[in-house]
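# below are the sequence and a predicted model; questions follow.
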Amino acid sequence: MEKENSTSFSVWDTIFDTVSKIQEKTQKQIEVIDKITQKTVSVAKPVIHYGFIPFVIYLGSKSNPPPNWFSLFPSENN
């Protein structure tokens, strides 16, 4: 009976050790993914911010009928 209990404890110790190793590895992977996500967002924000207006102008210039650029600005005659 005594040998059976010690074997049972060793099996549980092995299981707990394995689970803790998996948790450590998973935590490291989460930290790496978090760093990659932060870097991607920090690069994408200025690209989206400064690229939006030129993109809108580009889309407007490709519309049909073509825009009259002078009508975009108010004048005293209108």
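Structure received.
# residues near residue 35, how many?
10 (other C-beta atoms under 10 Å). In this view, the C-beta of every residue, glycine as well, is placed from N, C-alpha and C.
# residue 45 too?
Neighbours around residue 45, by other C-beta under 10 Å: 10.
# then residue 14?
10.
# so who does residue 10 touch?
With contact set as C-beta atoms under 8 Å, 6 or more residues apart in numbering, residue 10 has no partners.
# what about it, distance to residue 18?
Per C-beta to C-beta, to the nearest Å, residue 10 is found 13 Å from residue 18.
# same check, this time on residue 61
62 Å.
# can you tell me which residues contact residue 18?
No contacts exist for residue 18 under C-beta under 8 Å, 6+ apart.
# need the three-state assignment for it.
helix (DSSP: H, G, I helix; E, B strand; the rest coil).
# what does stretch 53-60 contact?
residue 67.
# for it, list every residue counted as buried.
The neighbour-count criterion (16 or more other C-beta atoms under 10 Å) identifies no buried residues in stretch 53-60.
# could you give the mean pLDDT of that stretch?
Taken as a whole, stretch 53-60 has a mean pLDDT of 83.
# kindly export that stretch (C-alpha atoms) in PDB.
Extracted in PDB, the C-alpha atoms of stretch 53-60 (Å, rounded to 0.1, in the frame of the first residue of the first chain):
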ATOM      1  CA  ILE A  53      -6.000  62.300 -46.900                       C
ATOM      2  CA  PRO A  54      -3.800  61.400 -49.900                       C
ATOM      3  CA  PHE A  55      -5.900  58.200 -50.300                       C
ATOM      4  CA  VAL A  56      -9.100  60.200 -50.300                       C
ATOM      5  CA  ILE A  57      -7.700  62.700 -52.800                       C
ATOM      6  CA  TYR A  58      -6.600  59.700 -55.000                       C
ATOM      7  CA  LEU A  59     -10.000  58.100 -54.900                       C
ATOM      8  CA  GLY A  60     -11.700  61.500 -55.700                       C
END
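# all set now, cheers.
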